[in-house]
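S.K.: next input, structure requested:
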Amino acid sequence: MRLHAARIPISYSRELQPGSIEPMTHLPVLAPELTSLLAPEPGQTAVDCTFGAGGHARAIAAQLGPSGMLIAIDRDPAAEGRFAEFAVEAPCRTRFIGADFAEGLRALLGEGLRAEMVYVDLGMSSLQVDSWERGFSYSYDAPLDMRMDTRQDFDAANLVNEWPEARISQVLREFGEERCAGGIAREIVRRRPLSTTSELVAAIKAGMPTAARFGGGHPAKRSFQAIRIAVNGELDALEQALPLAWELLAVGGRFGAISFHSLEDRPVKRFLAEKARGCICPPELPVCVCGHEPEAELLTRRAVSPGPDETEANPRSRSAHLRAALKLEDAPTGGAV
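M.R.: Next up, the predicted model:
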């Protein structure tokens, strides 16, 4: 389900300027673990597919040195300003591409670029959640927006006020795993037009049985997640980006992905497992005749989760999962584009 309008990525680059990177108040999730698994070295090229506040980029850039390059991709126009501040002091060369990660990766492939590492931090950044006017949070009243790219026309108000009940119910069920999807969708349609997050929260609560409103966190959590994913076409973009990111990697390069819920983690896990698969012969054959060799070595047999110190310092990190893999060889067909 791809709802955001495609556009040509906007890109600019900067040659090295001396300086160091000052720490930020934003806390990047699993930053030491990601840096360790990607193992950046001086002179390498890294692609940060979701720059956000730049926390992971700062950790990686510190290892790349003056001859290295960090390329950042982000669809949020606010990220471009944060990147400009980061670039002034980065100890490596930098470049920014204003696009969602699938579009940005496709643009880099079109240039013939190969990178030693590609990584993605999925979902919302804490800066987006904490910007009340963006409408991502159910914790305070704000316009119904939820766009990661504020230049996009379609927003959460369009979805809840214009989509048919059956389609809203499907979104809540598939993207939020919401058991009360039918009742919530019915209540949303009954209360139209909705214009604020508080009105949407009220509709969600009214559409749930009383018992379902208690326990398991805020009753609107799953519905807000579902609507945000639909508005931004997040899972569609992820499915497109995974093969693009893998093709962009040079042999010996490393891929990492941090996800925050199972809908993000499952496609990453499935994709990397398929790349790490060797023989694909039918199980009834006594010996291998396919000659298929694995393209990847899994660097994380099980997903890496934050430790107690990190979750105490940053409660939003609790649901994070990190997976990583090493690229052993290119696909015989040249990969997906």
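S.K.: ok, which stretches of the stretch 51-200 of the chain are strands?
M.R.: In the stretch 51-200 of the chain, the strands defined using DSSP state E, counting those that start in this stretch lie at 69-74, 93-98, 115-121.
S.K.: export those strands as JSON lines, with columns for mean neighbour count and distance to Glu165.
M.R.: In this view, the C-beta of every residue, glycine as well, is placed from N, C-alpha and C. Supplementary listing: the strands of the stretch 51-200 of the chain in JSON lines, determined by neighbours: other C-beta atoms under 10 Å; distance: least, C-beta to C-beta, whole Å:
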{"stretch": "strand 69-74", "mean neighbour count": "27", "distance to Glu165": "34"}
{"stretch": "strand 93-98", "mean neighbour count": "24", "distance to Glu165": "36"}
{"stretch": "strand 115-121", "mean neighbour count": "25", "distance to Glu165": "34"}
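S.K.: next, format those as JSON lines and append distance to Ser223 and mean pLDDT.
M.R.: Supplementary listing: those in JSON lines, determined by distance: least, C-beta to C-beta, whole Å; pLDDT from 0 to 100:
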{"stretch": "strand 69-74", "distance to Ser223": "26", "mean pLDDT": "98"}
{"stretch": "strand 93-98", "distance to Ser223": "30", "mean pLDDT": "98"}
{"stretch": "strand 115-121", "distance to Ser223": "23", "mean pLDDT": "97"}
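S.K.: how about those strands in TSV, adding distance to Asp155?
M.R.: Shown next, in TSV, are the strands of the stretch 51-200 of the chain (distance: least, C-beta to C-beta, whole Å):
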stretch	distance to Asp155
strand 69-74	18
strand 93-98	19
strand 115-121	23
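S.K.: Phe260: which of these is closest?
M.R.: Of all these, the one in closest proximity to Phe260, counting by C-beta to C-beta, is strand 115-121 (8.9 Å).
S.K.: tell me the angle the closest one makes with strand 69-74.
M.R.: Strand 115-121 and strand 69-74 are oriented at 30 degrees to each other (axes from the mean of the first three to the mean of the last three C-alpha atoms, to 10 degrees).
S.K.: alpha carbons of strand 115-121, as CSV, please.
M.R.: Output for strand 115-121, consisting of C-alpha atoms alone and laid out as CSV, is shown next (Å, rounded to 0.1, in the frame of the first residue of the first chain):
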residue,chain,number,x,y,z
ALA,A,115,28.9,1.0,0.0
GLU,A,116,30.6,-1.0,2.7
MET,A,117,27.6,-0.6,5.1
VAL,A,118,23.9,0.2,4.8
TYR,A,119,21.7,0.6,7.8
VAL,A,120,18.1,1.6,8.6
ASP,A,121,16.4,2.7,11.8
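S.K.: centroid residue for the protein?
M.R.: For the chain, the residue sitting closest to the mean C-alpha position, by C-alpha atoms, centre = their mean, is Leu122 at 2.0 Å.
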